[in-house]
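Colleague: all I have is the shape, not the residue letters:
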């Protein structure tokens, strides 16, 4: 993503509370969560809305981190940089936007999950989430799994897209609007 695209996102999406681009670590995510907590207090967010915002932020941050880790572990050349933003639109809706680089093969794992989620009602998403948790299938550690259901049950809608970088790498962009 170039700076012009980032400027357009900021212009279209209103106020941005938090923006970070680069390598993510657990301690960095914890620090950014603290900043979000302060912002939530300053904005008088309700407990439910604030909890949804934190959970989605953490899920997307860890998703970005985990995809980077999995590629580094097999000694593939991989750029672990990502971008994450939290903001509020002119309509007073909070959102979390993320972008990271992933392998084309990861795209084929993610798209079916996201398409399934987009076709489901909230009660079905919650039911599927409970089923996956109980079964242990698609656990958080395996990627492209239960985390997307966790996000979907906490937001109004999700949007995603992929942009080619080269024959094997893609930008994965994801946006969740908070309930």
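Modeller: Thanks, I have the structure now. All values derive from a computational prediction rather than experimental measurement.
Colleague: going forward, measure contacts between C-alpha atoms and count neighbours the same way
Modeller: Will do.
Colleague: which residue lies nearest the spatial centre of the chain?
Modeller: Centre of the chain computed as the mean C-alpha position; nearest residue by C-alpha atoms, centre = their mean is residue 60, 2.9 Å away.
Colleague: from residue 131, how far off is the closest residue to it other than its chain neighbours?
Modeller: Excluding its sequence neighbours, the residue lying closest to residue 60 (C-alpha to C-alpha, 6 or more residues apart in numbering) is residue 98, at 6.8 Å. Residue 98 is 27 Å from residue 131, where distance means C-alpha to C-alpha, to the nearest Å.
Colleague: okay, the two: which has more neighbours?
Modeller: Set side by side, residue 98 and residue 131 give different neighbour counts by other C-alpha atoms under 10 Å, the larger being at residue 98 (23 against 13).
Colleague: where does the residue nearest to residue 60 fall, secondary structure wise?
Modeller: strand 94-103 (DSSP states H and E).
Colleague: kindly report the same for residue 86.
Modeller: Under the criterion DSSP H and E, the helix or strand holding residue 86 is strand 82-88.
Colleague: which residues touch that strand?
Modeller: Applying C-alpha atoms under 8 Å, 6 or more residues apart in numbering, the set of residues contacting strand 82-88 from outside is 13-24, 57, 61, 64, 94-101.
Colleague: touching, residue 175 and residue 158? I think so.
Modeller: Yes - in this structure residue 175 lies within contact range of residue 158 using C-alpha atoms under 8 Å: 5.7 Å.
Colleague: which neighbours do these two have in common?
Modeller: Where contact means C-alpha under 8 Å, 6+ apart, no residue is in contact with each of residue 175 and residue 158.
Colleague: just checking: what are the partner strands of the strand holding residue 86?
Modeller: Partners of strand 82-88 in the sheet, by DSSP bridges, are strand 15-22 (antiparallel), strand 94-103 (antiparallel).
Colleague: any buried residues in the helix or strand containing residue 125, and which?
Modeller: Using DSSP H and E, residue 125 sits within helix 122-135. If you call a residue buried by 16 or more other C-alpha atoms under 10 Å, then helix 122-135 has these buried ones: 122, 125-126, 128-129, 132.
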